[in-house]
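Structure for this input, please:
(chains A, B, C and D)
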2 protein chains.
Amino acid sequence: MSKCNQCIIKEFNSLKSLSKEELMGISGCKTSKFIKKGEIIFEEGETLKGVYCVKDGICKLTKLSANGKDQIVKLVVKGDLLGQRSLISDEAVNLSAVALTNMEVCFIPKAEIFGNLKNNSDFSMDMLKQMANDLKESDNVVVNMAQKSVKQRLAEALMYIHNSFGLDNQGYLNVVLSREDYASVVGTATESAIRVLSQFKKEGLISTSGKQIKIENMEGLKRIE
Amino acid sequence: MSKCNQCIIKEFNSLKSLSKEELMGISGCKTSKFIKKGEIIFEEGETLKGVYCVKDGICKLTKLSANGKDQIVKLVVKGDLLGQRSLISDEAVNLSAVALTNMEVCFIPKAEIFGNLKNNSDFSMDMLKQMANDLKESDNVVVNMAQKSVKQRLAEALMYIHNSFGLDNQGYLNVVLSREDYASVVGTATESAIRVLSQFKKEGLISTSGKQIKIENMEGLKRIE
DNA sequence: ATTTAGATATGATATTTGTCATGTTTTGAT
DNA sequence: ATCAAAACATGACAAATATCATATCTAAAT
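All right, here's what the predicted structure looks like:
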């Protein structure tokens, strides 16, 4: 069993506030899991028995809307925790998590997290900060959804992925989404997302190679209205 | 100076997890403030020096979008705290707070809140729970904004206000919003909000008396597509 | 290599929503 | 009580977006 206190991943999330002893405790009860692209980590409505620490790979958090369409609420990468919100509220999960690439995650049981929240105020403060940040971002997304056009939202989604998830060695976005997923991120019909991406391509703002997308003119994307 | 441990309001928020001594500490440093309808409590970008506990009245939390329109992100009532998110993130506030009615609020300095977060794990756990709940609701709003029509969103806004803020003695919604505010809640043009409300009225789903709105057919509103 | 389901693309059209113009009503200040 | 400003209302039209149809491309399975 690999040791949490030697794991670099923890530096990217609240677990960094835990002591060596507390991390040893987690090492002792965590389990490691490999998840294939497309597989479901958990589904809306499930009751979670712990949180997942993402060691490698990328997944999407989605919510099924009343009209039957999935909406992507967030993209989660290496270093993020999954399921804390649900655990803290002591409710069924509000979102589904689906792997966009092959993933490696560590599962940490609920009791362990709660114990640390109770005894380590730095940890709970860090968790609070993380949650506060998620809330701010979610509020910002609400405003964008309500006030911006599909074109703007898609341009911003591309820039967000560019800035947050980086590029491969040929300059393509590291996160590869289907057109349907792009539609689901910006909240529009798949055909609309395809049309806008085609337009961006015509205008030289992006280029593509299969599913892969490369931003060619960041300033142009910023100027989209 | 009135005493926090005798104040019923605290039962509705995280302050209920504080001990009598901790509440006395807050009583000693809090200040009470009356705010008139339409006045700004704080504005996006400001740095807060504490949180506000809403003793009476209702306010809206808004965010200015790039196109210059205000978006109402949340309605806040008696019992809620204002400004915790910003305080915890140690950042400028993300949202503006504007009174929709005359209000009475208590201002509690930052240091007092942080001290209690550090020393009282029940308090920080409760704060975490509150934040987790806000996050869930915000995520749900994102999905609604992205996937539902203006008509649906407005119907839901009316039902939300009905269920969460109650009615006056004649059955009108307790929260009275201008048409512009309704537009800002659902993220649409003021004229569109007016049109939809007029249509609801024609269909007998609601009735109005000036700005006041009464839901006449809850089931009908639920069925809106 | 062939097949085939799924993804991407695009045209035609319908629907929704926004914008501008204009008139009416309500509200608040004097 | 009167007046001005703001809020409300509605028509006409424009723009954005969704839907439906259909064609092409791609990738995985045999």
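
all helices in chain A, in order from the N-terminus.
A:20-29, A:84-89, A:110-119, A:121-147, A:150-165, A:179-186, A:190-202, A:218-223 (DSSP state H).

With respect to residue B:107, which of these lies nearest?
helix A:121-147 (19.6 Å; CB to CB). To be clear about C-beta, it is placed using only N, CA and C from the backbone, and glycine gets the same treatment.

got the angle for that closest one vs helix B:121-147?
Going by axes from the mean of the first three to the mean of the last three CA atoms, to 10 degrees, helix A:121-147 is angled at 20 degrees with respect to helix B:121-147.

Which positions within helix A:121-147 qualify as buried?
By neighbour count on 16 or more other CB atoms under 10 Å in any protein chain shown, the buried set for helix A:121-147 is A:121, A:123-132, A:134-136, A:138-147.

Identify the residue nearest residue A:57 in space, chain neighbours excluded?
Nearest residue to residue A:57, sequence neighbours excluded (CB to CB, 6 or more residues apart in numbering or on different chains): residue A:103, at 3.0 Å.

if we can go back for a sec, turn the helices of chain A into CSV, including mean pLDDT and distance to residue B:197.
CSV is the format used below for the helices of chain A (pLDDT from 0 to 100; distance: least, CB to CB, whole Å):
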stretch, mean pLDDT, distance to residue B:197
helix A:20-29, 95, 53
helix A:84-89, 97, 34
helix A:110-119, 96, 45
helix A:121-147, 97, 18
helix A:150-165, 96, 26
helix A:179-186, 97, 28
helix A:190-202, 97, 28
helix A:218-223, 95, 36
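
Tell me how many other residues surround residue A:149.
14 (other CB atoms under 10 Å in any protein chain shown).

where's it relative to chain B, distance?
9 Å (CB to the nearest CB, to the nearest Å).

same deal with residue A:208?
24 Å.

Please look at residue A:94 and residue A:86 and confirm they touch.
Yes. Assessed by CB atoms under 8 Å, residue A:94 is found in contact with residue A:86 at 6.6 Å.

which residues does the residue nearest to the spatial centre of chain A form a beta bridge with?
In chain A, the centroid-proximal residue (CA atoms, centre = their mean) is residue A:76; its distance is 1.8 Å. Residue A:76 has the following beta-bridge partners by DSSP bridges: residue A:59.

Let me see the contact set for it.
Counting by CB atoms under 8 Å, 6 or more residues apart in numbering or on different chains, residue A:76 touches A:54, A:58-61, A:82, A:97.

Reformat those residues as CSV; add pLDDT.
As requested, these are exported to CSV (pLDDT from 0 to 100):
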residue, pLDDT
A:54, 97
A:58, 94
A:59, 95
A:60, 96
A:61, 97
A:82, 97
A:97, 97
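
and which of those is nearest residue A:224?
The closest of those, once distances to residue A:224 are taken by CB to CB, is residue A:60, at 23.5 Å.

how about that closest one, what does it touch?
By CB under 8 Å, 6+ apart, the neighbours of residue A:60 are A:72, A:74-76, A:97-98, A:100, A:181.

of all the contacts of residue A:76, which comes closest to DNA strand D?
Nearest to DNA strand D out of these is residue A:58 (CB to the nearest atom of the strand; 16.8 Å).

The buried residues of helix A:121-147 also near DNA strand D: which ones?
Among these, no residue sits close to DNA strand D (CB under 7 Å from any atom of the strand).

contacts with chain B among these, please.
The subset of the buried residues of helix A:121-147 within reach of chain B, by CB under 8 Å from any CB of the partner chain, is A:121, A:124-125, A:127-129, A:131-132, A:134-136, A:138-147.

how far out from the middle of the chain is stretch A:117-129?
Taking CA atoms, centre = their mean, to the nearest Å, the mean C-alpha location of stretch A:117-129 is offset from the chain mean by 22 Å.

now swap in stretch A:144-157 and tell me
19 Å.

Near DNA strand D, which residues of chain A? Just list them.
A:149-151, A:187-189, A:191-192, A:210-211.

and residue A:196, what is it in contact with?
By CB under 8 Å, 6+ apart, the contact list for residue A:196 reads A:150-151, A:154.

Most neighbours of all these, which one?
residue A:154 (25 neighbours).

right, and it touches residue A:179 too?
No. Using CB under 8 Å, residue A:154 is not in contact with residue A:179, being 10.6 Å away.

who touches both of those two?
A:193, A:197.

close to DNA strand C, is stretch A:201-214?
Yes. Against DNA strand C, stretch A:201-214 shows contacts by CB under 7 Å from any atom of the strand at A:208, A:211.

Show residues contacting that stretch.
A:155, A:158, A:167, A:170-173, A:176-178, A:197, A:200, A:215-217, A:220-221, A:224.

In it, which residues are buried?
A:205-206, A:213-214.

Tell me how many other residues surround residue A:217.
Residue A:217 has 14 nearby residues by other CB under 10 Å.

residues in contact with it?
Residue A:217 neighbours (CB under 8 Å, 6+ apart): A:204-206.

How about residue A:33?
A:52, A:104-107.

at 6 Å what do you get?
Residue A:33 makes contact with residue A:105 under the criterion CB atoms under 6 Å, 6 or more residues apart in numbering or on different chains.

go on, the one 3 residues further on?
Residue A:36 makes contacts with residue A:102, as judged by CB under 6 Å, 6+ apart.

try it again with 10 Å
For residue A:36, the contacting residues are A:57, A:99, A:101-103, by CB atoms under 10 Å, 6 or more residues apart in numbering or on different chains.

what does residue A:120 give?
A:17-19, A:22, A:126-127, B:121.

Could you tell me which residues of chain A lie near DNA strand C?
Looking at DNA strand C, the residues of chain A close enough under CB under 7 Å from any atom of the strand are A:178-180, A:190-191, A:194-195, A:197-198, A:208, A:211.

most surrounded residue in the residues you listed?
residue A:197 leads those on contacts (other CB under 10 Å) with 19 neighbours.

where's that residue relative to chain B, distance?
18 Å.

Distance-wise, check that residue relative to residue A:186.
Distance of residue A:197 to residue A:186, given as CB to CB, to the nearest Å: 11 Å.

cool, and residue A:141?
Distance from residue A:141 to residue A:186, by CB to CB: 10 Å.

overlap in contacts of the two?
With CB under 10 Å, 6+ apart as the test, residue A:141 and residue A:186 both reach A:153, A:156, B:146.

Relative to residue B:37, which of those residues is nearest.
Nearest member of these to residue B:37, counting by CB to CB, is residue B:146, at 32.6 Å.
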